[in-house]
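Asker: can you look at this prediction? I've put the sequence above it.
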Amino acid sequence: MSAVNQTFFDRPWCKMRALGFGYEKESVPRPGKPGEKMMVTADDPNLSINGGIRSPVAHTIPIDTMIYRFGSNGVPAVVAMGEWWFDEDSFGKIRDIAALHRISFGAAVRATCYVPPEWSNLSTLVCAKTRDILASYRGRAAPVRIKAGDGTLTGTMTASNFPDRVDQLYIPGFASVDIQRQALGMIQPVFLPPTP
């Protein structure tokens, strides 16, 4: 039986995105031409890489699996449209790290999965149970370049002081409302204080 999101998973750019490359098409600055932009695709050397999974491994998510996603938007269906999730084991590790170090859930996610503030304030947690098989990539976070509001590089998020880093899931296709409805049941939100 094929996964409900198999057509998205089979697209050539899917693994590139899991590796941290930009989306299928991305507007980037044109080299040597300040102020001009050009469109690039996943196989273009001009496409930047940032974050993602260091060594993504194809992973099948079975029916009746709880998955979790943090986001900034307070609308659960919108947060659930994202592609980066955690399974029960990784979610438990995040919870344990937060409790052990007396930090917020959001701070534990930032430290273990390298989620910079410009990507999300981590104020909405969505918990969902799968009702169909999903194709995904699984693995540990790759370093993330942090940029200021003007786009200048201000630092890099890399290995933290937390030894129990967690696996992430890259699940393509949830931007499709049809895939989301077919794949996810019981979407429950938990609203948290924003994480700076």
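Answerer: Arrived safely, thanks for sending.
Asker: Provide the partner residues of the most centrally placed residue in the chain in its beta bridges.
Answerer: Centrality entry for the chain: nearest residue to the mean C-alpha point is Trp84, 2.6 Å, by Cα atoms, centre = their mean. In this entry, Trp84 is beta-bridged to Tyr170, by DSSP bridges.
Asker: how about it, what does it touch?
Answerer: For Trp84, the contact set (Cβ atoms under 8 Å, 6 or more residues apart in numbering) comprises 69, 168-171. Glycine gets a C-beta too; all of them are placed from N, C-alpha and C.
Asker: now, which of the residues you listed sits nearest Ala111?
Answerer: Proximity of the contacts of Trp84 to Ala111 (Cβ to Cβ) peaks at Gln168, which lies at 13.5 Å.
Asker: my read: the closest one touches Gly51, true?
Answerer: No: judged on Cβ atoms under 8 Å, Gln168 makes no contact with Gly51 at a distance of 9.7 Å.
Asker: shared neighbours, the two?
Answerer: Residues touching both Gln168 and Gly51 (Cβ under 8 Å, 6+ apart): Ala141.
Asker: Ala183 contacts Ala135, correct?
Answerer: No: Ala183 is beyond contact range of Ala135, at 10.4 Å (criterion: Cβ under 8 Å).
Asker: anything in contact with each of the two?
Answerer: Shared contacts of Ala183 and Ala135, defined by Cβ under 8 Å, 6+ apart, are found at Asn5.
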